[in-house]
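Student: Sequence and predicted structure, then a few things I'm wondering about:
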Amino acid sequence: MENKRPTALTVYIILSWIWITVLSYNVLMNYVAGPMTAEQIRENRIEMLKSLEKQPQQDREVGMTVVNEMELFFETYSANHAAAHFASFLHILVGLAATILMFRMRKVGFHLYILYSLIPITTASYFYGASTIGVGLMFCSGVIGLLFIILYGFQLKHLK
């Protein structure tokens, strides 16, 4: 007799597939667009600085930090464009494999999902380090990944 897939597990898998689809589209479009040029990064910086002119003086200091962090992010992203997208495509493939295996009621899919949840944390750490944006990416990826690991973990008893 085959295990019946619980409704909650099906919902989590569908949510994961929706996220993987959105992520795939985003990664593909960014890859096709190519890395930002130094001129584009400079233009972004100028636009961000113009928006700071309207802010009160105390907010400008914080704004300058954000502008500098964003410029560093864009430079790092552009310098590592191919490697970052390779890691993103790997992330997508691992997530797709993990969710398909769990859809087929295979416990190994859960273990693969843990790896899938760690990939964006490690890539953000590798490419962006301890920058504010890097830490923010690691934190958000970690919280969402942990939430889904816990949700899938409650369904583990149904997987074989």
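Tutor: Structure received.
Student: which helix in the chain runs the most residues?
Tutor: Using DSSP state H to assign secondary structure, the helix with the most residues in the chain is helix 7-33.
Student: quick check: mean pLDDT across stretch 82-100?
Tutor: Averaging pLDDT along stretch 82-100 yields 96.
Student: And stretch 66-77, by the same measure?
Tutor: Here the average pLDDT along stretch 66-77 is 88.
Student: what separates the helix or strand bottoming out on mean pLDDT in the chain from the chain centre, distance-wise?
Tutor: The weakest-scoring helix or strand in the chain, judged by mean pLDDT, DSSP states H and E, is helix 57-79 (a mean of 86). When distances are taken as C-alpha atoms, centre = their mean, to the nearest Å, helix 57-79 is centred 20 Å away from the chain's centroid.
Student: coming back round to it: following the longest helix of the chain, which helix or strand comes up?
Tutor: Using DSSP states H and E, the next helix or strand after helix 7-33 towards the C-terminus is helix 38-52.
Student: Report all helices and strands that that following helix contacts.
Tutor: Here helix 38-52 touches helix 57-79, going by 3 or more C-beta pairs under 8 Å, 6 or more residues apart in numbering; DSSP states H and E. Using the backbone N, CA and C atoms, a C-beta is placed for each residue, glycine as well.
Student: Just the residues contacting the helix it packs on, thanks.
Tutor: 35-37, 40-41, 44-45, 48-49, 51-52, 55, 84, 127-128, 131-133 (C-beta atoms under 8 Å, 6 or more residues apart in numbering).
Student: Using neighbour counts, trim those to the buried set.
Tutor: The neighbour count (16 or more other C-beta atoms under 10 Å) marks 35, 36, 41, 48, 84, 127, 128, 131, 133 as buried among the contacts of helix 57-79.
Student: Poorly predicted segments of this protein, please.
Tutor: Low-confidence segments of the chain (pLDDT under 70): 1-3.
Student: how about the residue nearest in space to the middle of it, what does it touch?
Tutor: Geometric centre of the chain, nearest residue: residue 120, 5.3 Å, by C-alpha atoms, centre = their mean. Applying C-beta under 8 Å, 6+ apart, we find residue 120 in contact with 91, 137, 138, 141, 145.
Student: at 7 Å instead, please
Tutor: 91, 141 (C-beta atoms under 7 Å, 6 or more residues apart in numbering).
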